[in-house]
Every structure is written in structure tokens, then in C-alpha cells.
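Undergrad: no sequence for this one, just the structure:
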């Protein structure tokens, strides 16, 4: 059979693709040959529990040190900017979440776009809790709403940065018709410290950050902010039971600089999923109110973009101020 010019071109292209792919796959098989850094966007004790659990297991699997580094502040922007400017070789990966999708609601200038990084895998979904100082004059959402309406602008509430937690609580205030003062912190650990010190009235935060303090009676849990009640705290209602549609399910996901080889992203995804789905790890995370929820790199990327559209809709609904 005589080959046409176009057929020859296709064969040549296939040959080039194959020779290009072989070293890429080989690089993934050899990866890692050096320590791997995980960049976290929060402070120690402020949401890092899952990574302190899985880092030693990934280190064992990869036969290389896995080092956790903290770069908190500006609602994940500092950490994410550091990640996107890192060498795209798989040795620097980072953590972000729903925050990356809703930061455009709060910040006019962000030094990167979705095109600057690649999703690797979702790690966990977070159970969200609303906690109050122990001597707060309310113990439930109805009591909180009644007190806030009787004392407009007198209560203050804290978050570990702007993002899903902030927007979710603003959605609750809009639905309930109350007015409270927001105080922003670089991380949840600082907000919880201020709460226990009596300088804050409320904090909305991931349950795993505050559960030990609730169990130790250093603060009280007022409500779940997720779609359902939290396991182990079934007596505490979810906010959406009183205000349907007001719930948030933030998550944490691994990302890497754009240009990181696809096979390396896939290896990190598969190894992370395997570690997270070990029964002992799943039980440990469940006790912290963390639900394993892995996704492929492609699914992770799509989620970031689709959530941006949804958060923009919520921002219009609750009349969120324009980004600063």
C-alpha cells in the first residue's frame, strides 16, 4: 500500500510523540529522587491535621522525606503564588481548596490564574462548625439570631481568612437578617485563640480545628455549617435546618505548578488516594470530622472552575461588596 504525504506526516508525528512520552513516563517512574515539599496555606494547628497524618505515609511510600512548610496569609494567595512560581517537577506541591475559586470575590488583584497551576487530587472535604465562647449568652442558632437582632452590630465573628467560610457566614447573616462584625485572621488557630481568650464571640471554622477544644469545654459548638449534622455531635443541628440552602462544604486539594509532567501528577494522585483510603487513616480522619474525597487531576481542575461560577451567584444573592 502506498503511503500518502499526510499518512507519513501522521506516522512521523506519532514517532515524535512516542519518543517524547518515553522519557516523561520514565521520569514519573523514577520520581521522586529528592525530598518533596508540601506547602500549606495556613498556620500550624489551623487545618494541617490531615497532612501531618498522611505525610509520614507518603514518605514511606516514596522513600524520600516529605516536608511540610507553612505559608499562611491572604486567603491562600501567598501560598498559591509561591507554588505557581516553583519549579514544575513535582517536588513542590501545595494545598488549596474552595478558596481559590472564591478569592476573585474579595481580591481585585490576584497574581496568578487557573492557567498557572494544575490540580492533582482533592484530599478531604471539611466539616464546618460554628463555635462560640463558653460564656456567650446563646447556645443555638435561634438564640444567636434573637440575641443578634436585639443587639445589632455588637457581636463579632472571626474566620481564618476570607473565602468559603466568610461567604458562607455572610450568607447566613443575609438569610437571618442579622448584623455582626467580622474579624479576619491569617489562620484558624489565631481566631480560636482569640475566642478562648474572650475577645471574639464566634468563629466559623473546620471542625477538625476546634473539636478538641469543644471536647475540653474550652468553647461550645452552636451549629454545623455543612449539609448535615456532624458525626459525634448529632445533637447539634445544622444551620440549613433553620435556613435551607445555607451550607458550605469546603475541601482541601493538592495542586502543582503548571508544566509538572502529567504522569507525575497522576502518581501523586494515585499514591495519595491509596494512603487516604487505608481503613486506619479513614477512621482517624473521620474522628476529626474529615471525609476522604479524592479526585483525578482533571476532575480537580474542573471543580475549581465550576465553583467560581457558583460562588459568583452566591455573591450576587447576598450582595457581597465588590473586591478590594
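TA: It's in. All of these numbers come straight from a predicted model, not from anything done at the bench.
Undergrad: can you pull the contacts of residue 297?
TA: Going by CB atoms under 8 Å, 6 or more residues apart in numbering, residue 297 touches 118, 119, 120, 121, 262, 265, 266, 269. C-beta: built from backbone N, CA, C; applies to glycine.
Undergrad: repeat that with 10 Å
TA: 118-121, 254-256, 260, 262, 265-266, 268-269 (CB atoms under 10 Å, 6 or more residues apart in numbering).
Undergrad: Filter those residues down to the buried ones, PyMOL style.
TA: A single PyMOL command selects the buried members of these (16 or more other CB atoms under 10 Å):
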select buried, resi 118+119+120+121+254+255+256+260+265+266+268+269
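Undergrad: JSON lines for the contacts of residue 297, including secondary structure, pLDDT and distance to residue 159?
TA: Output for the contacts of residue 297, formatted as JSON lines (DSSP: H, G, I helix; E, B strand; the rest coil; pLDDT from 0 to 100; distance: CB to CB, whole Å):
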{"residue": "118", "secondary structure": "strand", "pLDDT": "96", "distance to residue 159": "28"}
{"residue": "119", "secondary structure": "strand", "pLDDT": "96", "distance to residue 159": "24"}
{"residue": "120", "secondary structure": "strand", "pLDDT": "97", "distance to residue 159": "26"}
{"residue": "121", "secondary structure": "strand", "pLDDT": "97", "distance to residue 159": "26"}
{"residue": "254", "secondary structure": "strand", "pLDDT": "97", "distance to residue 159": "23"}
{"residue": "255", "secondary structure": "strand", "pLDDT": "97", "distance to residue 159": "22"}
{"residue": "256", "secondary structure": "strand", "pLDDT": "98", "distance to residue 159": "27"}
{"residue": "260", "secondary structure": "coil", "pLDDT": "97", "distance to residue 159": "31"}
{"residue": "262", "secondary structure": "helix", "pLDDT": "96", "distance to residue 159": "35"}
{"residue": "265", "secondary structure": "helix", "pLDDT": "97", "distance to residue 159": "31"}
{"residue": "266", "secondary structure": "helix", "pLDDT": "97", "distance to residue 159": "34"}
{"residue": "268", "secondary structure": "helix", "pLDDT": "98", "distance to residue 159": "30"}
{"residue": "269", "secondary structure": "helix", "pLDDT": "98", "distance to residue 159": "30"}
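Undergrad: ok, of the contacts of residue 297, which one's closest to residue 246?
TA: Residue 246 lies nearest to residue 119 out of the contacts of residue 297, by CB to CB, at 27.4 Å.
Undergrad: Sounds good, over and out.
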